[in-house]
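Q: All I have is the shape, not the residue letters:
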């Protein structure tokens, strides 16, 4: 039996698939406690940090539980670490440490997700290529050269093989799959589904107007300023804030970034047919839901 302050649900899913928005919405429910750190990413770092020691693993897990030590009367205790879906070890580790935990999965059309991931890396000043398709063509080489998962735009879209790891160790009734478009277009209905899944009151009013973690691109010649802001984390730099109030910094960031061009439908279709169609068909059977609109 899990102890009271153990997390009993975890949000996983594709990067750039509205997991931050879902986290923001769930925090508003009085029966839900969400970790103050939105993405602890504990389980995908556990093997590396413990260095193979069972004793170290236990110590690290106890440290992880401190994220939930302020739980009061909340009955649903959770965290959101999208990266858990991609890491090969996470499903079994989570099952080992939290055997009764429920898994909420958020997925996004894989080609659209890849493009949004690319924009995120570009905005952060980490992606050197300004052509999305060129970046995709370089992915295999980057993986061989051990670039970080941030740059695995294409590979992170193979959801079947990622999610299958969870269905192999968790009962189907403990897994709830949500789609990015549904969270975007009908958030209130999706939240009712989630509340019922977590066995909570579904009559709570939730503010869903604020969009979180939206990608943008640097505007024109101000791009180099944007890169500096991201590189040196200026928006949270104490020295910088002595001279520029937080509202001024936010205004600068808002002026620097523009809304990026959406990915063209023709390109979505091309990439989907080339890379993802077979995986999507397998995923449909796994989750018992039609994804024909993705194809």
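A: Structure received. This is a predicted model, so every value here is computed, not measured. Residues are numbered from 1 along each chain as shown.

Q: where's residue 51 relative to residue 156, distance?
A: From residue 51 over to residue 156 the distance is 27 Å, taken as C-beta to C-beta, to the nearest Å. To be clear about C-beta, it is placed using only N, CA and C from the backbone, and glycine gets the same treatment.

Q: Those two - which one has more neighbours?
A: When neighbours are counted by other C-beta atoms under 10 Å, residue 51 and residue 156 differ, and residue 156 comes out ahead with 22 against 8.

Q: residues in contact with the nearest residue to the more buried one once chain neighbours are set aside?
A: The shortest distance from residue 156 to any non-neighbouring residue, by C-beta to C-beta, 6 or more residues apart in numbering, is to residue 86 (5.6 Å). By C-beta atoms under 8 Å, 6 or more residues apart in numbering, the residues touching residue 86 are 44, 149, 152, 156, 162.

Q: out of those, which are inside strands?
A: Members of the contacts of residue 86 lying in strands (criterion: DSSP state E): none.

Q: between those residues, which is closest to residue 97?
A: Lowest distance from residue 97 to the contacts of residue 86 (C-beta to C-beta) belongs to residue 44, with 13.0 Å.

Q: How much space separates the residue lying closest to the closest one once chain neighbours are set aside from residue 165?
A: Closest residue to residue 44 in three dimensions, ignoring its sequence neighbours and counting by C-beta to C-beta, 6+ apart: residue 87, at 3.9 Å. Plainly put, residue 87 is 9 Å away from residue 165 if you go by C-beta to C-beta.

Q: burial of residue 265, as a residue count?
A: Neighbours around residue 265, by other C-beta under 10 Å: 9.

Q: same thing with the one 10 residues further on?
A: Burial of residue 275, expressed as a neighbour count using other C-beta under 10 Å, amounts to 18.

Q: what's the answer for residue 196, then?
A: Residue neighbour count, defined by other C-beta under 10 Å, stands at 12 for residue 196.

Q: Confirm for me that it is in contact with residue 202.
A: Yes. Counting by C-beta atoms under 8 Å, residue 196 sits close enough to residue 202 to count as a contact (5.9 Å).

Q: Buried ones among the contacts of residue 86?
A: Buried subset of the contacts of residue 86 (neighbour count, 16 or more other C-beta atoms under 10 Å): 44, 152, 156, 162.

Q: Look up the closest residue to the last one, ignoring the ones flanking it.
A: Going back to what we said before, that points to residue 162. The nearest residue in space to residue 162 (C-beta to C-beta, 6+ apart) is residue 85, at 5.0 Å.

Q: contacting residues around the one you found?
A: In this structure, residue 85 makes contact with 12-14, 105, 159, 162-163, 166, judged by C-beta under 8 Å, 6+ apart.

Q: Check the residues you listed and tell me the two furthest apart.
A: Between all members of the contacts of residue 85, the longest pairwise span (C-beta to C-beta) is found for 14 and 166 and amounts to 13.5 Å.

Q: who's more crowded, these two?
A: Neighbours around residue 14 and residue 166, counted as other C-beta under 10 Å, are more numerous at residue 14. The numbers are 27 against 23.
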